[in-house]
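Enquirer: Give me a 3D structure for the following:
(one chain, ligands or ions: 1)
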Amino acid sequence: MVYLKSCPRCRGDLFIERDHRDRYITCLQCGHVLTTTEEMVLQFRSGTWANVAPPRQQNLD
Ligand SMILES: [Zn+2]
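Expert: This next block holds a predicted model:
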């Protein structure tokens, strides 16, 4: 899966990388690794909402 021209920083092309535990989305052009929030926005916008774990509850104190 590749997201063309979707990098929030440089509008570069994003692709999904996987290792043994995680998968993350990185930009081919600038190397930016998307945060969980950015991934959610990306998937929401592209209509390809995948099976992703909900974001962790953040400690607000
Ligand atoms: Zn980029």
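
Enquirer: Going by C-alpha atoms from here, please, whenever you check contacts or count neighbours.
Expert: OK.

Enquirer: hang on, F15 packs against C27?
Expert: Yes: at 6.4 Å, F15 counts as touching C27 under the criterion of C-alpha atoms under 8 Å.

Enquirer: Of the two, which one has the most company?
Expert: C27 (24 against 18; other C-alpha atoms under 10 Å).

Enquirer: what residues are up against that one?
Expert: Shown in contact with C27 (C-alpha atoms under 8 Å, 6 or more residues apart in numbering): C7, G12, D13, L14, F15, V33.

Enquirer: how much space between it and T37?
Expert: Distance from C27 to T37, counting by C-alpha to C-alpha, to the nearest Å: 15 Å.

Enquirer: Please identify the helix or strand for the residue nearest the centre of the chain.
Expert: The residue lying closest to the centre of the chain (C-alpha atoms, centre = their mean) is E39, at 3.0 Å. Per DSSP states H and E, E39 falls inside helix 36-46.

Enquirer: picking that back up, from memory the residue nearest to the centre of the chain sits against T26, does it?
Expert: No: counting by C-alpha under 8 Å, E39 stays clear of T26, with 9.9 Å between them.

Enquirer: which neighbours do these two share?
Expert: Joint contacts of E39 and T26 (C-alpha under 8 Å, 6+ apart) do not exist.

Enquirer: residue boundaries of the strands in this structure?
Expert: Per DSSP state E, the chain carries strands over the ranges 2-3, 14-18, 23-27.

Enquirer: Tell me which other helices or strands the first one touches.
Expert: It refers to strand 2-3. Strand 2-3 sits against strand 14-18, with contacts defined as 3 or more C-alpha pairs under 8 Å, 6 or more residues apart in numbering; DSSP states H and E.

Enquirer: in the strand it packs on, what's buried?
Expert: Neighbour counts over strand 14-18 (16 or more other C-alpha atoms under 10 Å) mark L14, F15 as buried.
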